[in-house]
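>>> return atomic coordinates for the entry below.
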Amino acid sequence: MAVIRDRDIPRGRRSFAFWRQWMASNASKCCPDDEGTEFRRGAAAERARKRTDDVMEPSRQDIAMAVRYTLHLLEERAPGGAVEVRVPPWGAVKILDGPQSDPHNLTPPDVIELDPETWLRLAAGLSTWDEERAMGRISAVGERDDLSGLLPLSDAHTDSHDA
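Here you go, the predicted structure:
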């Protein structure tokens, strides 16, 4: 089953662009704190959000569509069924050629799971695979547990999906 319907691709593209615009205006959400060891959370993030009134925060639906759209782009970039990339609760795709699951177990041998915020930062190029993995934000099982060669999902790739 597709992670996004064809008719929703333009909406997903707009949602991803909106999310990137919001992140650009709200740098504290994507930048390490003063010690460079942890992303800002809690009160620091809330203060930063209050300072950036020029761009409204993306809705839950915007984030869902941005995640689904970027997973769709990843699936197009690396088709296959050997690695499952999960971004709960919004979607999962199977990518890359190689050993696939047996008929009794639908989960492939390699599984990668990320939260939506982490996934969107990686897709947009706002952080790197190594940075997010070092922060413990990526759960990966299997031999192919590194998507750094497929990310970020460039604007050129995104622009090719205009409808």
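>>> so what's the residue count around Arg60?
Burial measure for Arg60: 9 neighbouring residues, criterion other C-beta atoms under 10 Å. Backbone N, C-alpha and C define where each C-beta goes, glycine included.
>>> kindly state the pLDDT recorded for it?
For Arg60, the pLDDT comes out at 96.
>>> same thing with Arg7?
We note a pLDDT of 96 for Arg7 in this prediction.
>>> just the one 10 residues further on next, same as before
Among the per-residue scores, Ala17 shows a pLDDT of 96.
>>> dump the host helix or strand of it to PDB, restricted to CA.
Here Ala17, judged by DSSP states H and E, is contained in helix 9-25. Included here for helix 9-25 are C-alpha records, laid out as PDB according to Å, rounded to 0.1, in the frame of the first residue of the first chain:
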ATOM      1  CA  ILE A   9       1.400  14.500  -3.400                       C
ATOM      2  CA  PRO A  10       1.000  18.300  -4.100                       C
ATOM      3  CA  ARG A  11      -0.400  18.800  -0.600                       C
ATOM      4  CA  GLY A  12       2.500  16.800   0.800                       C
ATOM      5  CA  ARG A  13       5.000  18.900  -1.100                       C
ATOM      6  CA  ARG A  14       3.400  22.100   0.200                       C
ATOM      7  CA  SER A  15       3.400  20.700   3.800                       C
ATOM      8  CA  PHE A  16       7.100  19.800   3.600                       C
ATOM      9  CA  ALA A  17       7.900  23.200   2.200                       C
ATOM     10  CA  PHE A  18       5.800  24.800   5.000                       C
ATOM     11  CA  TRP A  19       7.600  22.700   7.600                       C
ATOM     12  CA  ARG A  20      11.000  23.800   6.300                       C
ATOM     13  CA  GLN A  21      10.000  27.400   6.300                       C
ATOM     14  CA  TRP A  22       8.800  27.100   9.900                       C
ATOM     15  CA  MET A  23      12.100  25.400  10.900                       C
ATOM     16  CA  ALA A  24      14.000  28.200   9.200                       C
ATOM     17  CA  SER A  25      12.200  30.800  11.200                       C
END
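>>> what packs against that helix?
Judged by 3 or more C-beta pairs under 8 Å, 6 or more residues apart in numbering; DSSP states H and E, helix 9-25 is in contact with helix 60-77, helix 116-124.
>>> from Trp19, how far off is the nearest residue to Arg77 once chain neighbours are set aside?
The spatially closest residue to Arg77, leaving aside those adjacent along the chain, is Leu150, at 5.8 Å (C-beta to C-beta, 6 or more residues apart in numbering). Distance, Leu150 to Trp19, using C-beta to C-beta, to the nearest Å: 19 Å.
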